[in-house]
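Trainee: Build the 3D model from these lines:
(one chain, ligands or ions: 1)
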Amino acid sequence: MTNVGIIGSGAIGAGIARLAVAAGHEVTIANSRGPESLTDLVDELGERARAGEVAEAASKGDIVVLAVPLSAYDALPVDALDGKIVLSTGNYYPSRDGRIEVLDSGAATTAEYERSLLPGAVIVKAFNNIVAHHIPSLARPAGAPDRSGLAVAGDDTGAKRAVWELVGTLGFEPVDAGRLAESWRFEPESGAYTAIYAADLETFGKDYLEDEGAPLPPERLRELLAASYRPDVAGRTV
Ligand SMILES: NC(=O)c1ccc[n+]([C@@H]2O[C@H](COP(=O)([O-])OP(=O)(O)OC[C@H]3O[C@@H](n4cnc5c(N)ncnc54)[C@H](OP(=O)(O)O)[C@@H]3O)[C@@H](O)[C@H]2O)c1
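Mentor: As a prediction, the model looks like this:
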């Protein structure tokens, strides 16, 4: 059992919370509006979940999942995250987050930029390249023949191992995606972004919410990561 702190209770945060309680982990979840706004979600999640303030989710978690927009990272509690293993699901969308020079120039990956905002936190990147509704639809127990791979990138071996094990219990086969500097391989518009889990690319392209998702074998994900191309972040308009 792992204590999982989750900051962000939207599509990704709530989805990971559901898988975490189903796997027997203890969850403390927080959002920007405070614990009282999470009553329904916590009731749904059951006895292994509680709502907290953001700093509480950060301090209670052995692993802290960040599921907030990138623009919110600089409001996160740096002190409470100091020394914490942080599983970051964040992506850079300039239309939502504003333009960020260090990302547009390619000087840093999103994960490296996040690390600069949260000094002391030990960042591991995962769950940023799968759309939220594909997470529950593709999660499978260990050993299932149709279990999907999920990319995990990080610089700290111990933190990466901990997130690796968590990802495994949540229903995905962890796949080593290298260091944070290489995590562009599964950033938006790269060759290993969300469409890789689509059941039908045409449907996904028209309205990704209509696509039910299809299992992605770990070995195929390894190939996609190896063949990926660095996106033109400065040209990103979404
Ligand atoms: N949706 C996807 O399919 C998807 C896929 C891959 C990666 N991602 C990435 O995952 C991250 C989360 O996406 P999402 O779709 O789950 O977003 P979302 O549904 O919009 O939820 C965002 C959550 O962040 C919380 N939040 C915002 N600012 C905060 C702050 N300063 N302190 C604490 N909580 C704060 C919000 O709180 P309130 O509820 O109080 O507003 C909300 O619960 C983003 O970086 C996104 O790019 C999303």
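
Trainee: can you confirm Y229 is in a strand?
Mentor: No. If the criterion is DSSP: H, G, I helix; E, B strand; the rest coil, then Y229 is coil and not within a strand.

Trainee: so who does G15 touch?
Mentor: Going by Cβ atoms under 8 Å, 6 or more residues apart in numbering, G15 touches 132-133, 135-136. Placement of C-beta: from N, CA and C, glycine included.

Trainee: can you put those in CSV and add neighbour count and secondary structure?
Mentor: Listed next are these as CSV, based on neighbours: other Cβ atoms under 10 Å; DSSP: H, G, I helix; E, B strand; the rest coil:
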residue, neighbour count, secondary structure
A132, 18, coil
H133, 16, coil
I135, 25, helix
P136, 14, helix
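
Trainee: Counting neighbours, what do you get for V122?
Mentor: Counted by other Cβ atoms under 10 Å, the residues lying close to V122 total 22.

Trainee: Show the backbone phi and psi for it.
Mentor: When quoted as degrees, to the nearest 10, the phi and psi of V122 stand at phi -100, psi 100.

Trainee: same check, this time on L66
Mentor: Residue torsions, per degrees, to the nearest 10, at L66 are phi -100, psi 120.

Trainee: Show me what the nearest residue to it once chain neighbours are set aside bridges to in the sheet.
Mentor: Distances taken as Cβ to Cβ, 6 or more residues apart in numbering place S88 nearest to L66, at 4.7 Å, with adjacent residues excluded. Beta-bridge pairing of S88 under DSSP bridges involves L66, K125.
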